[in-house]
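Peer 1: here's a sequence, model it:
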Amino acid sequence: MVRHNVQVNENKDTAPSAQDADTAAPAQRSHAEHVGANGARLAGRRREVPLWARLAASGAALALMVVGLSWVPVPYVVESPGPTFNVLGSDSGIPMISISGTDPTSGADVAVDAPQSSSYAAKAPSGDGGPGQLRMVTVAESGGPGRRLNFLQLVGATFDSRSRILDYDSVYPPTATQEQVDNANQAQMQSSQSTSQVAALEYLGWRVPASVTIAGGVEGTDAADKVAQGDVLTAITTVDGAVHPVDSASAPFAIMSRVPVGDTVRLSVQRDGDALEIPVTTVAGEEGSEGSKLGVYLRIDAQLPLDISFNLENVGGPSAGMMFSLGIIDRLTPGDMTGGAVIAGTGTMNYDGRVGAIGGIQQKMWGAKEDGAQWFFAPAANCNEVVGNIPDGLRVVRVATLGEAADAVHAIAQGDGASLPICTAR
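Peer 2: Next up is the predicted model:
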């Protein structure tokens, strides 16, 4: 916090001495002479403060009040357009996405397109004939734990049509700390990077084996008192008697996306060396999601066939998953997949390739537009927030899966972007 130290000097007008009064001109003394009890003549001068001085004093008082208010914290959070990053680019010579390894079928080093040499944080080119870009987008937040919003910031946000003002309590619990929020955001970022790798490689036809372990049951579900932490999930048997092996990271999610809510399925698990069959009644997932949920928490240990890492600091949250996946696909696909277009987008990425809803999409569209994006991929689940809020000149495409997003990139590259699905209000 910056503190402004204001020093106030008090100028006190004192009555002149008798000698001063005697030496004053009679006309000046006539209105200010008084006789005291001892007969001594006392003189004083009453001066009216000019209007300009009164206005200056009022202005100074107002300025001091504004300065004081500027540091008063207010219970709000402001979301504004944040920076965007080209996932195909590099920073200081380090690619944003690094990929290496050998093809398990051929034993040869995997072929990876070179990253773009320009900084991923640079302004995107728009129709300049250069290479295309895939830009992940962010939201700049003011007012979180340890970073409380002040009055002047709130006033500024009020007059910024690109910003959104939220009640603090609707975003954070009262006891949340800056460290807790930062840790949660980083955990979400790491999870999005893990799921994006699996989804991208499976989209390209790579097999990604995984061990799936139950971390616990969701309170209030049928599974809560039946499963145990550490159960290794090996298969799911659906009501038609079909046994579906759980041998990859995407398997349990892909299976459950086709199981209706309320069905009873059997979980085949390994517990302390014993094979168990656990009947579980499925529950509803998030609004708008397909299929149902098991009511358990899963820990995925995927054995990636390639080494993939990300070079991105001071950015958290899960919403870059889809763009990470598209970046991996582009780097492992010969040539410029974008056809020279600048495409931004947002959306979480599930292991089975489903694109999930995110927050702050209106601010993200503005950030994409300001950094030169021509196209923007929006999760289908966010379409109600998109309609009526698209910046002029930005074309928004609705996507629900990684396959749809990759197909949209190819369509744009081939000049067929006009045929892509758009957001409509539900």
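Peer 1: okay, CA-based contacts and neighbour counts for the rest of this
Peer 2: Noted.
Peer 1: please enumerate residues in contact with stretch 90-108?
Peer 2: 87-89, 109-110, 112, 115-121, 305-312, 327-328 (Cα atoms under 8 Å, 6 or more residues apart in numbering).
Peer 1: how about stretch 272-292?
Peer 2: Outside stretch 272-292, the residues within contact range by Cα under 8 Å, 6+ apart are 221-223, 226-227, 256-270, 293-295, 381.
Peer 1: likewise for stretch 254-261?
Peer 2: Contact partners of stretch 254-261, identified using Cα under 8 Å, 6+ apart, comprise I236, T238, H244, T282, V283, A284, E290, G291, S292, K293, L294, D352.
Peer 1: against T281, how distant is the second one?
Peer 2: As judged by Cα to Cα, to the nearest Å, T238 and T281 stand 11 Å apart.
Peer 1: over to the first one?
Peer 2: When Cα to Cα is the yardstick, I236 and T281 sit 12 Å from each other.
Peer 1: helix or strand right after the lengthiest helix in the chain?
Peer 2: Ranked by residue count, the top helix of the chain under DSSP state H comes out as helix 178-203. Stepping forward along the backbone from helix 178-203, the first helix or strand reached (DSSP states H and E) is strand 210-217.
Peer 1: chain center to that next one: distance?
Peer 2: In this view, strand 210-217 has its centroid 28 Å away from the chain centroid, taken as Cα atoms, centre = their mean, to the nearest Å.
Peer 1: now that strand against helix 178-203, angle please.
Peer 2: Between the axes of strand 210-217 and helix 178-203, defined by axes from the mean of the first three to the mean of the last three Cα atoms, to 10 degrees, the angle is 140 degrees.
Peer 1: partners of strand 210-217 in the sheet?
Peer 2: Each strand that pairs with strand 210-217, with its direction, by DSSP bridges: strand 232-237 (antiparallel), strand 296-302 (antiparallel).
Peer 1: what sits up against the first one?
Peer 2: Contacts of strand 232-237 from elsewhere in the structure, counted by Cα under 8 Å, 6+ apart, are 211-214, 243-247, 252, 255, 265-271.
Peer 1: pLDDT (mean, whole number) over that strand?
Peer 2: Confidence over strand 232-237, taken as the mean pLDDT, stands at 98.
Peer 1: can I get the CA coordinates of the host helix or strand of I328 in PDB?
Peer 2: I328 belongs to helix 321-331 when assigned by DSSP H and E. This file holds the C-alpha atoms of helix 321-331, laid out as PDB (Å, rounded to 0.1, in the frame of the first residue of the first chain):
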ATOM      1  CA  GLY A 321      -7.100 -27.200 -21.600                       C
ATOM      2  CA  MET A 322      -8.800 -27.200 -25.000                       C
ATOM      3  CA  MET A 323      -6.200 -24.800 -26.500                       C
ATOM      4  CA  PHE A 324      -3.300 -26.800 -25.000                       C
ATOM      5  CA  SER A 325      -4.800 -29.900 -26.700                       C
ATOM      6  CA  LEU A 326      -5.100 -28.100 -30.000                       C
ATOM      7  CA  GLY A 327      -1.500 -26.900 -29.600                       C
ATOM      8  CA  ILE A 328      -0.200 -30.400 -29.100                       C
ATOM      9  CA  ILE A 329      -2.200 -31.700 -32.100                       C
ATOM     10  CA  ASP A 330      -0.800 -28.900 -34.300                       C
ATOM     11  CA  ARG A 331       2.800 -29.500 -33.200                       C
END
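Peer 1: C-terminal to that helix, what's the next element?
Peer 2: Read in the C-terminal direction, the helix or strand following helix 321-331 is strand 342-345, with elements assigned using DSSP H and E.
Peer 1: partner strands of the following helix or strand past that next one and their direction?
Peer 2: Next helix or strand after strand 342-345 toward the C-terminus (DSSP H and E): strand 348-349. The partner list of strand 348-349 in its sheet, established with DSSP bridges, is strand 355-356 (antiparallel).
Peer 1: centre of the chain to the strand it pairs with, how far?
Peer 2: Computed by Cα atoms, centre = their mean, the chain-centroid distance of strand 355-356 equals 15 Å.
Peer 1: quick one: average pLDDT of whichever helix or strand comes after that strand?
Peer 2: The C-terminal neighbour of strand 355-356 among helices and strands, as given by DSSP H and E, is helix 361-370. Computed over helix 361-370, the mean pLDDT rounds to 96.
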